[in-house]
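Participant: sequence unknown, structure follows:
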């Protein structure tokens, strides 16, 4: 149990276009999901916390109008990178709070590699 | 924001050697997780420690949470090439649900 999927796994887009990344909890309901960004050989940087049915909470320095987060159901959160630029190229990873409801348990998706040309 | 300092940042050893990775903070965490990540994949949870002084073993991996819940260590005995990967510690703050990640330890075990 506690499987999290992401789609797509890889995406290449042109500068100025928007890209949507999906994060799904496959076998459990997740009221809280998290979006991270990771640069090569670096650790994870939390971008925002996504709560089902309410607005996401963004970390300091993360532009909410550029990184749109929607958590419309208990199993799906989406991250849309709007007007993407080459500097947005990165590995984006989502996680979901586990089925036990324990606040410290997070299960991670496999990540999405975004390349903006 | 609570900070976690992880060391060493890079570690390259020979198969069969032992190693220890450390995570330290000046702040108290309510729990601490250790993850292992391979290139192009998401982190995989190895263990969660919650109680100060707690020790957990997972085959050749031993995890310890400091008595004051400010630090943790991961010890690998007789490392194997399959242990190669990025090891991440992550602490949960005492309030809220955010995880604070350490900078990661890139471990390479050479055959």
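Facilitator: Yep, it's here. Since the structure is predicted, the reported quantities are computational estimates derived from the model, not experimental observations. Residues are numbered from 1 along each chain as shown, chains lettered A, B, ... in the order given.

Participant: end to end, how far does stretch A:32-49 reach?
Facilitator: 7 Å (CA to CA, to the nearest Å).

Participant: which helices and strands sit right next to the worst-scoring helix or strand of chain A on mean pLDDT?
Facilitator: When each helix and strand of chain A is scored by mean pLDDT, DSSP states H and E, strand A:106-108 comes last, with a mean of 88. With contacts defined as 3 or more CB pairs under 8 Å, 6 or more residues apart in numbering or on different chains; DSSP states H and E, strand A:106-108 has these neighbours: strand A:90-97, strand B:44-49. Every C-beta, even on glycine, is put in place using the N, C-alpha and C of the backbone.

Participant: residue 95: neighbour count?
Facilitator: Chain wasn't specified; assuming chain A. 26 (other CB atoms under 10 Å in any protein chain shown).

Participant: meant chain B actually
Facilitator: Neighbour tally, residue B:95, other CB under 10 Å: 8.

Participant: and it, how close does it get to chain A?
Facilitator: Residue B:95 sits at a distance of 10 Å from chain A (criterion: CB to the nearest CB, to the nearest Å).

Participant: about what we covered before: right, and the helix or strand after the least confident helix or strand of chain A?
Facilitator: Per DSSP states H and E, the first helix or strand lying C-terminal to strand A:106-108 is strand A:112-116.

Participant: just checking, residue A:4 touches residue A:27?
Facilitator: No. Between residue A:4 and residue A:27 there is no contact, the gap being 9.5 Å when judged by CB atoms under 8 Å.

Participant: and these two? Which one has more around it.
Facilitator: The residue with more neighbours, out of residue A:4 and residue A:27, is residue A:4; 25 against 10, by other CB under 10 Å.

Participant: for that one, what are its contacts?
Facilitator: Counting by CB atoms under 8 Å, 6 or more residues apart in numbering or on different chains, residue A:4 touches A:23-26, A:30, A:94-96, A:107-109, B:42.
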